[in-house]
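Novice: Starting from these lines, generate the structure:
(one chain, ligands or ions: 1)
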Amino acid sequence: MYKFPIIEKFISIDGEGPMAGALATFIRFEGCNLRCKWCDTTYSWEAGAEKELLSAQEIYKYIKETGIQHVTLTGGEPLMQKEIGTLLSLLAKDEKLLVHIETNGSIPIEPFKKAYGEENIRYIVDYKLSGSRMQEKMAMENLDVVTKEDVYKFVVASKEDLEEAYSIIKCYELETRCKVYISPVMDQIHPQEIVEFMKAKRLGKVKLQLQIHKIIWSKESRGV
Ligand code: SF4
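Specialist: Sure, this is the predicted structure:
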């Protein structure tokens, strides 16, 4: 039976996304196919990092035992996990759960949306801007397939990133098709600058998002 490499699993408040501030069960998978310049979860990158190996059934059992209905699958990159479909299939069948998949934008989400439905499985898709140095890895087709319960998230490190995010948001009319968040890279751009940009561009349906867990706990904290 296949076992997923799990870097950490825990309950905490969701620090970002549509359920920000609410409790969630987090499952953090090992491994990422990108190397963002400002990555804050580098500990999830490397094979050989401390981890536990769990089957899809064991992960599902843990999720149910927490008693929390909201689940966040994160990484690393959850969608690059071999046999992630087995887990998604289990989660999709459980209508009591609401699942958000945090994906880095490099993997096409449409096959997953088609295979596992959209009732209780939603996608928080990153668009990596030039400041991350991963922009060329983006699966641009994702911009066409997100739906209203999904999120496109732009993590900005500079004014140039903001301008780039604005172009993508307008070009793909994202504000009318999904939720759109802009989030700062801590210590690289002040949130105030993002607000001023949103005001200047009249981005009325875009939300500034600050990562709550980084306000409550230190940047280095794990399992929070
Ligand atoms: S996609 Fe996420 S985990 Fe991967 S390098 Fe970028 S920030 Fe880190």
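
Novice: From the chain's centroid, how far away is the longest strand along the chain?
Specialist: Within the chain, and with DSSP state E defining each element, the longest strand by residue count is strand 4-13. Remark: strand 4-13 is offset 14 Å from the chain centroid, using CA atoms, centre = their mean, to the nearest Å.

Novice: What's the mean pLDDT across that strand?
Specialist: Confidence over strand 4-13, taken as the mean pLDDT, stands at 96.

Novice: Packing partners of it?
Specialist: On a contact count with 3 or more CB pairs under 8 Å, 6 or more residues apart in numbering; DSSP states H and E, strand 4-13 meets strand 23-29, strand 52-54, helix 56-66, helix 212-216. For the C-beta atoms, the positions are set from N, CA and C on the backbone; glycine is no exception.

Novice: Name the residues of the third one that are buried.
Specialist: Using 16 or more other CB atoms under 10 Å as the burial criterion, the residues of helix 56-66 that qualify are 56, 59, 60, 63, 66.

Novice: Spatially, which two of those are the most separated?
Specialist: Across the buried residues of helix 56-66, the two members that end up farthest from each other (CB to CB) are 56 and 66, 16.2 Å apart.

Novice: residue contacts, residue 146?
Specialist: 109, 123, 125, 152, 174, 177, 178 (CB atoms under 8 Å, 6 or more residues apart in numbering).
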